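In: Got a sequence here, can you build the structure:
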Amino acid sequence: MSRSIRAIHKAHTARRWALILLLVNLTVFISVLLAQSNGYHHPALAYIKAFAEAACIGGLADWFAVVALFRHPLGIPLPHTAILPAKQAQLAQGVAKFITTHFLEPSVISEQLLRLDVGRHLNVYAQQHLTQAVVVQYVPNILQTLMRRVPIEAPTQLVVWSRSAMTAYLSGARLGRSTARLIDVAREQGLDRRLVNAMAQSLHEFVTAEDAKERMRPWLSELAVAAQKLDTSDASWWDKMKSQLTGQAIEWADDLIIDKSLAWLADLTVNVQQDEQHPVHLWVGEHVQGWREKLYNDEVWHDWLAAHVHDWLHTTTAEAMVKAVWSKSRSWLDEAVAVDSAYIEPVAEKIRQVVLTYIADSEQQSRLTEQLAQQVAKGLTEYQDDIREWLTTQMNMWSKERLNSALDNAIGHDLQYIRINGTLIGGLIGVILFAISQWLG
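Out: Have a look, this model is predicted:
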């Protein structure tokens, strides 16, 4: 049986006893009057009559007082009756003020939370009830609720913040040294040698192709035409020689040079690929090391890198890249938080372990209790007026019937005992007054 049902049952029981007691005294009073009118006079009857008469007056007076709190007695709109419904606004305001002042006073609630040691109770509850199944049940909804607050397209503020953060973080020295470390990693993996070999292989394929000679001929012809226009005083020996050749001689010279050049390049590319100590590899390695040293230590290189990277961060390409990363991340997260996602159970278990480990620590329990008490006290202090206004509004929205029913259920049992007490006390006072009148008479 619920508490409200028990309260209603107790109030109805007390009301029946109050009515029965009133009717008993009224019956006794009428019986004594009838006995006296029939000539039966006994000294005790006068005292019984005085008790019953006063008891009826006391019971009826208290019935009137109790009923007048909630409604008009017998439906008669007498002044100062139906007090509570008539004063509903003042009552609501007073009750709300009383509750917020005495029951929701920040320091009282804070002290009570500290005394209850909420952190320890939360730990006991969590260890017993926070299973993986429980966490899995709620994690998708929580994550999906959070994701609904995340915009689909990258906000403008994110692009601006990313640009500002990257500009502040990517100093010239950091860019240079990071690039130098990448070069170190690449060299440890042999990427520099593989790159040279790949270039050599591509060049080898070019110079050994069937149409390689024809591809090079236009280039040499352009050189020959350019050589004929040179100022021979500043030209090289080959330029000087070609400037003196014409017609078939130029074609013969071109064929000779092309054949020799292609053969030499073919041999060179093969040797480069077969010999890791080839001068080309050594030359590239020496220059890469030089670049690495400058990237790591040279302020001029640092300034150049910073200027170009920072300029690039303000381009539409960089903005598009940030938006693309956001879009892909957002899509991946949407898939990851789906109910049937493979990530849900591992995430739920991880959350469960973190929560249980955190809350099992006695220091964390004390800290949690203190923080909860502080936050509750802060919230009550900040929103006390709002709580009072809300309580007042809610009580003012009640109908008169609901208000009467709520108050009757809350204090009806005690009010009915007022009637019972009034009946008994009234009867005793009546007997006492009758005895005094007899003694004085």
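In: show me where pLDDT drops low in the stretch 251-400 of the chain?
Out: Low-confidence segments of the stretch 251-400 of the chain (pLDDT under 70): 251-256, 400.
In: which residues in it form helices?
Out: Here the stretch 251-400 of the chain has its helices, by DSSP state H, counting those that start in this stretch, at 279-297, 299-313, 316-336, 344-360, 362-396, 400-440.
In: residues making contact with the second one?
Out: Spelled out, it's helix 299-313. 163, 166-167, 170-173, 175-176, 179, 294-295, 318 (CB atoms under 8 Å, 6 or more residues apart in numbering). C-beta here means a position set from N, CA and C on the backbone, and glycine is covered the same way.
In: Apply 6 Å and report the result again.
Out: With CB atoms under 6 Å, 6 or more residues apart in numbering as the test, helix 299-313 has contacts from 163, 166-167, 170, 172-173, 175-176, 294-295, 318.
In: swap in the fourth one?
Out: Contact with helix 344-360 is made by 123, 126, 132, 135-136, 139-140, 364, as judged by CB under 6 Å, 6+ apart.
In: Flag every buried residue along it.
Out: Residues of helix 344-360 classed as buried: 344, 347-348, 351-352, 359 (neighbour count, 16 or more other CB atoms under 10 Å).
In: K213 and I258 touch, don't they?
Out: Yes. Here K213 reaches I258: they are 5.2 Å apart, a contact under CB atoms under 6 Å.
In: who has more neighbours, the two?
Out: I258 (19 against 15; other CB atoms under 10 Å).
In: residue ranges with poor pLDDT in the stretch 51-200 of the chain?
Out: 80-88, 102.
In: quick one, helices of it?
Out: Using DSSP H, counting those that start in this stretch, helices in the stretch 51-200 of the chain cover 83-86, 88-98, 106-116, 118-129, 132-148, 156-169, 172-188, 191-207.
In: Any idea which of those gets closest to E389?
Out: helix 88-98 (7.7 Å; CB to CB).
In: Next, the angle helix 400-440 makes with the closest one.
Out: Per axes from the mean of the first three to the mean of the last three CA atoms, to 10 degrees, the angle that helix 88-98 makes with helix 400-440 is 90 degrees.
In: what helices or strands is helix 88-98 leaning on?
Out: helix 362-396 (3 or more CB pairs under 6 Å, 6 or more residues apart in numbering; DSSP states H and E).
In: in the helix it packs on, what's buried?
Out: 365, 368-369, 372-373, 376-377, 380, 388, 391-392, 395.
In: same question, stretch 425-441
Out: 426-427, 429-431, 434.
In: CSV for those residues, including distance to T27 and pLDDT?
Out: Below are these laid out as CSV (distance: CB to CB, whole Å; pLDDT from 0 to 100):
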residue, distance to T27, pLDDT
G426, 16, 83
G427, 13, 82
I429, 20, 87
G430, 16, 84
V431, 18, 86
F434, 19, 82
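In: ok, of the contacts of helix 344-360, which come out buried?
Out: Buried by 16+ other CB under 10 Å: 123, 126, 135-136, 139-140, out of these.
In: so how far is G427 from the residue lying closest to N25 once chain neighbours are set aside?
Out: In this structure, N25 finds its nearest non-sequential neighbour in A55, 4.0 Å apart by CB to CB, 6 or more residues apart in numbering. Separation of A55 from G427 (CB to CB, to the nearest Å): 3 Å.
In: repeat for K97
Out: 40 Å.
In: what number of residues lie near the residue lying closest to L424 once chain neighbours are set aside?
Out: Leaving aside its sequence neighbours, L424 sits nearest to A55 (CB to CB, 6+ apart; 6.8 Å). Residues lying near A55 (other CB under 10 Å) number 27.
In: Correct me if wrong: A55 contacts G426.
Out: Yes. A55 is within contact range of G426, at 5.1 Å (criterion: CB under 6 Å).
In: if I pick the residue nearest to L424, what's in contact with it?
Out: 25, 423, 426-427.
In: now, which of the residues you listed sits nearest A324?
Out: Distances from A324 to these, taken by CB to CB, are shortest for T423, at 86.6 Å.
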